[in-house]
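**Q** Make a model of this:
(chains A and B)
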Number of protein chains: 2
Amino acid sequence: MTTSFHPPVRTLMGPGPSDVSPRVLAAMSRPTIGHLDPEFIRMMDEIKAMLKALFKTDNELTMPVSAPGSAGMEACFVNLVEPGDKVIVCQNGVFGGRMKENIERFGGEAIHIQDEWGKPVDVEKVKAAFAEHDNIKALAFVHAETSTGVRSDAKTLCALAHENGALAIVDAVTSLGGIEVDVDGWEIDAIYSGTQKCLSCPPGISPVSFSQKAVEAVQKRKTPVPSWFLDKNLVMGYWGGSGKRAYHHTAPVNSLYALHEALVLVEEEGLENAWARHKKLHLALRAGLEAMGIEFLVAEEDRLPQLNSVVIPEGVDDAAVRTALLKNYNLEIGAGLGALAGKVWRIGLMGSACTERNVLLCLDALENTLIGMNAPIKVGVAAQAALEVING
Amino acid sequence: MTTSFHPPVRTLMGPGPSDVSPRVLAAMSRPTIGHLDPEFIRMMDEIKAMLKALFKTDNELTMPVSAPGSAGMEACFVNLVEPGDKVIVCQNGVFGGRMKENIERFGGEAIHIQDEWGKPVDVEKVKAAFAEHDNIKALAFVHAETSTGVRSDAKTLCALAHENGALAIVDAVTSLGGIEVDVDGWEIDAIYSGTQKCLSCPPGISPVSFSQKAVEAVQKRKTPVPSWFLDKNLVMGYWGGSGKRAYHHTAPVNSLYALHEALVLVEEEGLENAWARHKKLHLALRAGLEAMGIEFLVAEEDRLPQLNSVVIPEGVDDAAVRTALLKNYNLEIGAGLGALAGKVWRIGLMGSACTERNVLLCLDALENTLIGMNAPIKVGVAAQAALEVING
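**A** Reported below is the predicted structural model:
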């Protein structure tokens, strides 16, 4: 007989999922009601309103896709890319590569710009690509690369897309809620995110938003969208407007309770206060890590506060450290992905996991673990350095 | 300021979601851990083993898709249908039509067999279609039509597919856990279900299983699968084998806790006991409804115990009754869909909602509501008729 599963209580400081607030977990376990229940529909309207505020947009097509961030990415590309469409796609980590795969699977032509992992998207290369190619349908890039901890200049890249008559498609999986994202201000045409990063919800839902121009591009398609589940023309019968809802698919009711509560938490804190908290505690973590002698992968001006990629000290066994942190401290930090596997750790400070307590826990746990492995670090200085920042 | 959402406590006797057990809700709210955490991976292995038992299959590719049943449907068709493939698709309700849409969106040629809504798929028509057309890649049909409450003869239809060298693709969204589904015995090649029907989990996850023949068909494709998120070649890096897992997408951790607990509940009760419970309480509900003078849409031999479609008595206002049930009894029953809108109610007895208490609640609530509307029903006999069946 299989027995009930009781997970260990971890502290989640990897690249996501991040620690989920007890309030969000409690919301998730409230009794399930129907996906067409008038009370549920009222809650959907509140989710839409709060998502618009979070994305800083008036876009009517703003809604949570009923599946994880990868499906949110797919929702953008499957609706906007038709066979033969040319899309400039910037890759500076794992997720730009996934965007390219999406474009090609839907018959698009990906004009692929490669940047070094750990560096932001190079605006000059994008300019050159626009100069070289005609009839570009869209420019796609990752705002906050989860695989490297790098922020790219979304505002400038979106402006460049519009100067060239292209749509701007933006991955904000790791940025939303942690740093500024301004959909209307930057005129982003299609954006997707995830719930399990700076919103500190359990994974499984992907908030998306499409501008009016993007909606028109979907409506003007010559071929049907090669997905029934993600076709925005259909989904908007359920999520569009407000009040009246037509059945499309069965919404993940309890996961949306959780998202609702997470959005209430953002509203209570204030979006700008949340950004400031991420920034301050990133500086505290950084002070501690640097005092210990651990270096960042990413140049200071391009770092994401919510995802700190640090170089694994020479001679230290990556997996052994992460296993020890998990076993001794119930602390999860992230491994490197792809080209950075074994070379970096990714330390998340996302949403509810972005706390003073967690900064200090992570520094102490890492220090003690590295001491146990005779790693060349400075001892007894990290926590003090972090506390100096915390206490201002 | 938006306030936290506190749903009303409903009794869910519609076509799904169904009532969720407090044990499943409690599991869902346990602390989130990482999707690559060794403890999580151990739980994934248990889910796979329990899903195999539930589907009655040894299929290695048996796993939960991280999205609702409609995405499970799409996972089957997007992997198995290539441009130009001919697929016979049987429609006797809403969901056969959705299958047809899937086939066509992926460039397949749908050979469409229409049956009357409320009748099972006509085996003779399928035979005729196989006689008329060559090179049929697959036969697709719905085992338990959620829009009408009809069971089709899955075993015979699968045999017919195999005699003609075609794959059998089966929708088991409403059947799994409520009536017999025998993937290996019937040689089903691709099957998908949902969590929110007879498994009584919150909606959002779709268990699927592919036979070895189906896996080979995916591997032999000439064109890439037009979905990154649902490409089985990729997903199996995360869900395939056991033990070692490669990152594909971030799994919906807490929704999988819920599924795990729901599967433990099925194991504890015993799958055949669960089928017997659905059958017995269906007969009790039917005795009560018929005593009241309410008729079933579907012929006795084709009825699903877990979804009872009954004809709305002449002169009765469909929406007014459902609104009164919700308001006065917190009871949800389902409206008719598509061609049956306004003509039938769909009364679910699914999973944790399939209880003696709910049979009696539904009969009393419906009787009192119809009395209040001067509907032509027999009064004071329904509960007695149901109790006779319950008490055997």
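
**Q** Not counting sequence-adjacent ones, nearest residue to the closest residue to chain B within the stretch 101-250 of chain A?
**A** With C-beta to the nearest C-beta, the shortest gap between the stretch 101-250 of chain A and chain B falls at A:G204, namely 3.0 Å. Any C-beta I mention is one placed from the backbone N, CA and C, and that applies to glycine too. The shortest distance from A:G204 to any non-neighbouring residue, by C-beta to C-beta, 6 or more residues apart in numbering or on different chains, is to B:P252 (3.0 Å).

**Q** Just the buried residues of stretch A:3-14, please?
**A** A:F5, A:P7, A:R10, A:T11, A:L12, A:M13, A:G14 (16 or more other C-beta atoms under 10 Å in any protein chain shown).

**Q** was I right about the fifth one contacting B:T32?
**A** Just to be clear, that refers to A:L12. Yes: with contact defined as C-beta atoms under 8 Å, A:L12 reaches B:T32; the gap is 6.8 Å.

**Q** Overlap in contacts, the two.
**A** Shared contacts of A:L12 and B:T32, defined by C-beta atoms under 8 Å, 6 or more residues apart in numbering or on different chains, are found at A:D19.

**Q** Do you have the strands of the stretch 201-350 of chain A handy? List them.
**A** Remark: strands assigned in the stretch 201-350 of chain A by DSSP state E, counting those that start in this stretch are A:206-210, A:307-311, A:331-335, A:344-348.

**Q** Is any residue of the helix or strand of chain A with the lowest mean pLDDT near chain B?
**A** None of the helices or strands of chain A scores lower by mean pLDDT, DSSP states H and E than helix A:232-239, at a mean of 89. No: counting by C-beta under 8 Å from any C-beta of the partner chain, chain B has no neighbours in helix A:232-239; the shortest distance is 9.3 Å.

**Q** just how off-centre is that helix within its chain?
**A** Computed by C-alpha atoms, centre = their mean, to the nearest Å, the separation of helix A:232-239 from the middle of its chain amounts to 24 Å.

**Q** Quick check: residues of the stretch 201-350 of chain A near chain B?
**A** Applying C-beta under 8 Å from any C-beta, we find that the stretch 201-350 of chain A lies next to chain B at A:202-204, A:224-229, A:247-255, A:257-258, A:260-261, A:263-264, A:267-268, A:326, A:332, A:337.

**Q** how would you label A:I188: helix, strand or coil?
**A** Per DSSP: H, G, I helix; E, B strand; the rest coil, the secondary structure class of A:I188 is coil.

**Q** circling back: just to be sure, which of the buried residues of stretch A:3-14 are found in strands?
**A** In strands, judged by DSSP state E, the following of these are found: A:T11, A:L12, A:M13.

**Q** Can you sort out which of these also neighbour chain B?
**A** Applying C-beta under 8 Å from any C-beta to these, one finds that A:L12 fall near chain B.

**Q** So which of the ones in strands among the buried residues of stretch A:3-14 is the closest to chain B?
**A** Distances from chain B to those, taken by C-beta to the nearest C-beta, are shortest for A:L12, at 6.3 Å.

**Q** can you tell me which residues contact the closest one?
**A** A:S18, A:D19, A:E332, A:G348, A:A353, B:T32, B:I33, B:G34.

**Q** Strand A:307-311 and the biggest helix by length in chain A, what's the angle between them?
**A** Longest helix of chain A, by residue count under DSSP state H: helix A:271-292. On the basis of axes from the mean of the first three to the mean of the last three C-alpha atoms, to 10 degrees, helix A:271-292 is oriented at 10 degrees to strand A:307-311.

**Q** Could you list the low-pLDDT ranges of the stretch 151-300 of chain A?
**A** Counting by pLDDT under 70, the stretch 151-300 of chain A shows low-confidence ranges at A:242-243.

**Q** Spell out which parts of the stretch 51-200 of chain A neighbour chain B.
**A** Residues of the stretch 51-200 of chain A lying close to chain B by C-beta under 8 Å from any C-beta are A:66-71, A:73-74, A:78, A:98, A:101-102, A:104-107, A:194, A:196.

**Q** Distance from the chain centre to stretch A:115-129, please.
**A** Centroid separation between stretch A:115-129 and its chain, computed with C-alpha atoms, centre = their mean, is 20 Å.

**Q** quick one: contacts of it?
**A** With C-beta under 8 Å, 6+ apart, stretch A:115-129 has contacts from A:88, A:90-93, A:111, A:113, A:136, A:139, A:141-142, A:147-153, A:156-157, A:160, A:297-299, A:302, A:309, A:338-340.

**Q** if we can go back for a sec, contacting residues around the residue nearest to A:G204?
**A** Counting by C-beta under 8 Å, 6+ apart, B:P252 touches A:P68, A:P202, A:P203, A:G204, A:S255, B:S66, B:G204, B:I205.

**Q** So which of those are in helices?
**A** Those of the contacts of B:P252 lying in helices (DSSP H): A:S255.

**Q** State the phi and psi torsions of the closest residue to chain B within the stretch 251-392 of chain A.
**A** Using C-beta to the nearest C-beta, A:P252 is the residue of the stretch 251-392 of chain A that sits closest to chain B, at 3.0 Å. The phi/psi pair for A:P252 (degrees, to the nearest 10) reads phi -80, psi 80.

**Q** what is the mean pLDDT for stretch A:13-25?
**A** Averaged across stretch A:13-25, pLDDT comes to 97.

**Q** before we move on, back to that, export the contacts of B:P252 to a markdown table and tack on neighbour count and distance to B:G392?
**A** Putting the contacts of B:P252 into a markdown table (neighbours: other C-beta atoms under 10 Å in any protein chain shown; distance: C-beta to C-beta, whole Å) gives the following:
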| residue | neighbour count | distance to B:G392 |
| --- | --- | --- |
| A:P68 | 25 | 47 |
| A:P202 | 29 | 44 |
| A:P203 | 28 | 47 |
| A:G204 | 33 | 43 |
| A:S255 | 28 | 41 |
| B:S66 | 30 | 43 |
| B:G204 | 34 | 37 |
| B:I205 | 31 | 36 |
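
**Q** with the contacts of B:P252 in mind, which one is nearest to B:K52?
**A** The closest of these to B:K52 turns out to be B:I205 (C-beta to C-beta; 15.9 Å).

**Q** wait, what's in contact with A:V94?
**A** Applying C-beta under 8 Å, 6+ apart, we find A:V94 in contact with A:E145, A:T146, A:S147, A:L337, A:G338.

**Q** Pull the contacting residues for the third one.
**A** In other words, A:S147. Here A:S147 is in contact with A:P15, A:G93, A:V94, A:F95, A:W117, A:G336, A:L337, A:G338, A:L340, A:R346 (criterion: C-beta under 8 Å, 6+ apart).

**Q** For A:G177, which non-adjacent residue is spatially closest?
**A** Once flanking residues are discounted, A:G177 sits nearest to A:C198: 3.4 Å by C-beta to C-beta, 6+ apart.

**Q** can you tell me the helix or strand for that neighbour?
**A** Assigning secondary structure by DSSP states H and E places A:C198 outside every helix and strand.

**Q** can I assume it is in contact with A:T174?
**A** Yes: contact between A:C198 and A:T174 holds when scored by C-beta under 8 Å: they sit 7.2 Å apart.

**Q** Report the set of residues contacting both of these two.
**A** A:Q306, A:M350.

**Q** Which of the two has more residues huddled nearby?
**A** With neighbours defined as other C-beta atoms under 10 Å in any protein chain shown, A:C198 and A:T174 compare such that A:C198 has more, 37 against 30.

**Q** and that one, what does it touch?
**A** Counted by C-beta under 8 Å, 6+ apart, A:C198 has contacts A:S18, A:T174, A:S175, A:L176, A:G177, A:G178, A:A274, A:H278, A:Q306, A:M350, A:G351, A:C354.

**Q** Cross those against helices and list the overlap.
**A** Among the contacts of A:C198, the members found in helices (DSSP H) are A:A274, A:H278.

**Q** now, among the contacts of A:C198, which is nearest to A:V235?
**A** Using C-beta to C-beta, the contacts of A:C198 come closest to A:V235 at A:L176, 19.7 Å.
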